[in-house]
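following is a predicted model, sequence given first.
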Amino acid sequence: MNTVISVNVGLPREVPWQGKVVRTAVWKEPVAGRVMARRLNLAGDGQGDLAGHGGEHRAVMVYQLESYRHWQNHFQAADFPYGQFGENLTVDGLADTDVCIGDRYRIGGAMFEVTQPRVTCYRVGIRTGHADMPALLVSHQRPGFYLRVIEEGEIGAGDEIVKIAEGPERISVATINALLYLPDHPRETLERALRIPALSQGWQGSLRALLAAAEDSNAGPHATQAAAPQWPGFRPLKIVSTCNESDDVRSFVLGAPDGSPLPEALPGQYLVVRLRPPQAALPLVRNYSLSGPQGGGLYRISVKREAHGAASGYLHASMKAGDVLEASAPRGGFTLLAGTAPAVLLSAGIGITPVLAMLHALAKEASSSRQVWWVHGARNGKRHPFAAEAHRLLAALKTGKAFTAYSQPDADDRLGEQYDGAGRVDIPLLQRLDVPQDADFYLCGPAGFIDALTAGLKLWGVASANIHTEAFGPAAPMTPGIVNPDQEPPHAPEGQAGAGPGVTFTRSGLTVPWGDGYNSLLEFAEACSVPVRWACRAGVCHNCESALIGGEVRYSPDPLDPPADGNVLICCSTPVSEIQLDL
Ligand SMILES: Cc1cc2nc3c(=O)[nH]c(=O)nc-3n(C[C@H](O)[C@H](O)[C@H](O)COP(=O)(O)OP(=O)(O)OC[C@H]3O[C@@H](n4cnc5c(N)ncnc54)[C@H](O)[C@@H]3O)c2cc1C
Ligand code: FES
């Protein structure tokens, strides 16, 4: 007979951890008597971070007595208090290998449905005192699972747990957990799992991403980029020609020094360029999107000269045809999707570069009836690069529509010729242009432009999956549960400089020597205030997966499922050579 052994609840509290403060409700205490199970919570229970935990599909967490015995044995620990694994119900029975997603159970006066395995989160590591606990729970195939409350009612220790319905497809908690987090992702099981209506939205999204990767043989399982890079690290490229595109943007066409053709890039990808100005102590490493057409064996980057900008200033002032720089292979997952869906290319300022490469690709398919919108915001005619080029490409399209907005037109800028209206690109403009809501939207420009348009598109009803963005700087950080996250600009870590290999954070424009006191590149990036994304900090969830542009790392522990080729999990790796990370 399956039984409830203990009902445990806890409210969020703030706990000190590694010099930071974490808001968490992972501390759960057994309660005496009966407890009301409501749609979002047990009475007296709560979650510290509603982005990662809680909500209707993660209302009640279950962990098994049998797994308690397993961990007592594993850690040689005498006793564990109930609630130790952050669970609301400690139960006898209901093994992860037996319980299936969508199974329904009656407990006391309430009815529940199984929705997903445990969230792999570092907080269970804090609670148990074992930082690698999130990885152990997965590798030992003992995650535990979440319940949705179908019928509210009272429950208590000693209640029998009665199965009243079986979920479709019969995929157990252990199987679906391994499907997401362990190396094998069979397509057929992914498709079956996605047919279970009870599976939470979050897990459906993750499994859909795996399915998409399974369809692209080049992409890694949790890939943040479209395909494996075509060469490791950096190779020399010669500047074949340069061309001024506007007052402050200059293009550099790059080729192999021996004249052989460069591999084809995907429209929207970028290079990481390494420059060695004679007067600089360290090389400058910066990202530049490819702005030119695909094919032809050459790459074109287009660089806006920033006031006081080190790399852009050097490129404009000193680099000329015949000079050689070093560049990574084309990288990045902001690429034009194949297909026939309408494409809306939205850019502002120098954000024009990757979408211009997309426009080249679309113009190549000129015979297709794919609808294309080109909407660009520039300051004025002098700051409007590629006007003629975009015009020519749009003219080649069967169904191309365009609008250029100048935010501060000059008196001699010609309305109706150089630009179509004064102001900025916004949602009312897209609505006036009859942009369809089911299009794929590609956005690149300043952070404010991307944030405002992304929020506006969502409000307008565009599906998040159809909004694709490229930020010309670090990605937004994800630091679940951290109270007052670090917002300082990137800097060298405090204290004496380390003696290890140089670590370059390309998007942050920072190169610093690795120091011995750090357990992982993630800890080192945090010490440098480099924006990072993570959740488990133990090599399971892949939230910290970042592009490793060059160099080598060592893993400890090994990730359960390796990252895509050319990527790295920074939470469980340290550098063994000079490295460049796309952070
Ligand atoms: C994926 C990606 C693609 C990109 N694609 C492009 C592209 O196609 N074209 C492009 O031009 N850029 C692109 N960038 C941005 C590019 O990588 C650089 O960030 C940009 O060229 C600025 O580098 P910098 O060395 O010139 O400026 P940095 O020296 O790194 O300075 C950064 C900023 O600080 C300001 N600054 C520096 N020193 C001072 C000072 N003393 N006082 C006041 N302000 C100061 C500069 O004006 C600059 O705005 C891209 C970035 C990413 C992440
Ligand atoms: S934070 Fe989860 S794998 Fe690195």
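Yes, it's here. Ligands and ions are numbered 1, 2, ... in the order given.

can we go C-alpha only for contacts and neighbour counts from here?
OK.

element containing residue 442?
Using DSSP states H and E, residue 442 sits within strand 440-445.

that strand: what's the following helix or strand?
helix 447-460.

who does that next one touch, helix- and strand-wise?
Here helix 447-460 touches helix 427-432, strand 467-471, going by 3 or more Cα pairs under 8 Å, 6 or more residues apart in numbering; DSSP states H and E.

okay, now the sheet partners of the lengthiest strand in the chain, with direction.
If you go by DSSP state E, the chain has its longest strand at strand 235-244. Strand 235-244 pairs in its sheet with strand 249-255 (antiparallel), strand 324-327 (antiparallel), by DSSP bridges.

can I get the helix or strand that the shortest one is followed by in PDB, CA atoms only?
If you walk from strand 324-327 toward the C-terminus, the next helix or strand you reach (DSSP H and E) is strand 343-348. As requested, C-alpha coordinates have been extracted for strand 343-348 and formatted as PDB (Å, rounded to 0.1, in the frame of the first residue of the first chain):
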ATOM      1  CA  ALA A 343       9.800  37.100 -42.100                       C
ATOM      2  CA  VAL A 344       9.900  40.400 -40.400                       C
ATOM      3  CA  LEU A 345      13.400  41.900 -40.100                       C
ATOM      4  CA  LEU A 346      13.400  44.700 -37.400                       C
ATOM      5  CA  SER A 347      16.600  46.600 -36.700                       C
ATOM      6  CA  ALA A 348      17.900  49.900 -35.300                       C
END
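
partners of strand 343-348 in the sheet?
Assessed with DSSP bridges, strand 343-348 is paired to strand 372-378 (parallel), strand 440-445 (parallel).

what lies in contact with the first one?
I take that to be strand 372-378. Strand 372-378 is contacted by residues 342-349, 352, 362, 384, 397, 399-407, 424-425, 435 when judged by Cα atoms under 8 Å, 6 or more residues apart in numbering.

check contacts around the one residue in the stretch 451-583 of the chain that gets nearest to ligand 1.
Ranked by Cα to the nearest ligand atom, the top residue of the stretch 451-583 of the chain for proximity to ligand 1 is residue 472, at 3.5 Å. Contacts for residue 472 (Cα under 8 Å, 6+ apart) come out as 351, 444-447, 507.

what's the closest of the residues you listed to residue 515?
residue 507 (20.5 Å; Cα to Cα).

quick check, the closest one in contact with residue 473.
Yes: the pair residue 507 and residue 473 qualifies as a contact (Cα atoms under 8 Å) at a distance of 5.2 Å.

and the strands paired with strand 235-244: which comes nearest residue 307?
So among those, strand 249-255 is nearest, using Cα to Cα, at 12.3 Å.

how far does the helix or strand following that closest one sit from the chain's center?
Moving toward the C-terminus from strand 249-255, the next helix or strand (DSSP H and E) is strand 270-275. Here the centre of strand 270-275 is set off from its chain's centre by 21 Å, with Cα atoms, centre = their mean, to the nearest Å.

just checking, what packs against strand 270-275?
strand 284-289, strand 324-327.

between it and strand 235-244, how many degrees?
100 degrees (axes from the mean of the first three to the mean of the last three Cα atoms, to 10 degrees).

list the contacts for residue 208?
190, 194.

if I look at it, how far off is ligand 2?
19 Å (Cα to the nearest ligand atom, to the nearest Å).

what residues sit buried inside the one helix or strand that residue maps to?
Assigned by DSSP H and E, residue 208 belongs to helix 201-215. Buried positions in helix 201-215, judged by neighbour count with 16 or more other Cα atoms under 10 Å: 203-204, 207-208, 210-211, 213-214.

what average pLDDT does it get?
For helix 201-215, mean pLDDT is 87.

roughly how far is it from the heart of the chain?
For helix 201-215, the distance to the chain centre is 13 Å (Cα atoms, centre = their mean).

same thing with stretch 387-397?
Distance, centroid of stretch 387-397 to centroid of chain: 33 Å (Cα atoms, centre = their mean).

now the end-to-end length of stretch 317-332.
28 Å (Cα to Cα, to the nearest Å).

tell me if that stretch is near ligand 1.
No: figure legend: stretch 317-332 not in contact with ligand 1 (Cα under 6 Å from any ligand atom); closest approach 7.5 Å.

other residues contacting that stretch?
224-227, 229-242, 257, 265-266, 268-276, 549-550.

any of these buried? List them.
Here, 16+ other Cα under 10 Å leaves 224-227, 229, 233-240, 242, 257, 265-266, 268-275, 549-550 buried among those.

next one, pLDDT for residue 85 please.
Residue 85 is given a pLDDT of 96.

and if you look at residue 280?
The model's pLDDT for residue 280 equals 87.

that one and residue 504: what is the separation?
Relative to residue 504, and taking Cα to Cα, residue 280 is found at 15 Å.

of these two, who's got more company?
Per other Cα atoms under 10 Å, whichever of residue 280 and residue 504 has more neighbours is residue 504, with 25 against 10.

ok, that one - contacts?
With Cα under 8 Å, 6+ apart, residue 504 has these contacts: 285, 510-512, 579-581.

tell me which stretches of the stretch 351-500 of the chain form helices.
352-364, 387-396, 427-432, 447-460 (DSSP state H, counting those that start in this stretch).

give me the residues contacting the third one.
It stands for helix 427-432. With contact meaning Cα under 8 Å, 6+ apart, helix 427-432 is reached by 453, 456-457, 460.

which of these are buried, as a ChimeraX select command?
Typed into ChimeraX, the line below selects the buried ones among these, using 16+ other Cα under 10 Å:
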select :453,457
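
can you tell me which residues contact residue 460?
427, 437.

run the last query once more with 10 Å
Neighbour list for residue 460: 427-428, 431, 437, 454 [criterion: Cα atoms under 10 Å, 6 or more residues apart in numbering].

any chance of CSV for these, columns distance to ligand 2?
Listed next are the contacts of residue 460 as CSV, based on distance: Cα to the nearest ligand atom, whole Å:
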residue, distance to ligand 2
427, 35
428, 39
431, 40
437, 34
454, 25
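
and the buried ones among the residues you listed, selectable in ChimeraX?
Typed into ChimeraX, the next command selects the buried ones out of the contacts of residue 460 (criterion: 16+ other Cα under 10 Å):
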select :427,437,454
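
check the contacts of residue 460 one by one and keep those near ligand 1.
Answer for the contacts of residue 460 near ligand 1: none qualify (Cα under 6 Å from any ligand atom).

just confirm residue 561 contacts residue 545, I think it does.
No: between residue 561 and residue 545 there is no contact under Cα atoms under 10 Å: 11.4 Å.

tell me which of these two has more neighbours.
Higher neighbour count among residue 561 and residue 545: residue 545, with 22 against 17, using other Cα under 10 Å.

any idea how far the more buried one lies from residue 496?
28 Å.

same thing with residue 84?
From residue 84 to residue 496 the distance is 39 Å (Cα to Cα).

could I get the buried residues of helix 201-215 as CSV with distance to residue 170?
Output for the buried residues of helix 201-215, formatted as CSV (distance: Cα to Cα, whole Å):
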residue, distance to residue 170
203, 16
204, 16
207, 16
208, 19
210, 20
211, 19
213, 24
214, 22
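
tell me the one of these nearest ligand 1?
Distances from ligand 1 to the buried residues of helix 201-215, taken by Cα to the nearest ligand atom, are shortest for residue 213, at 21.4 Å.
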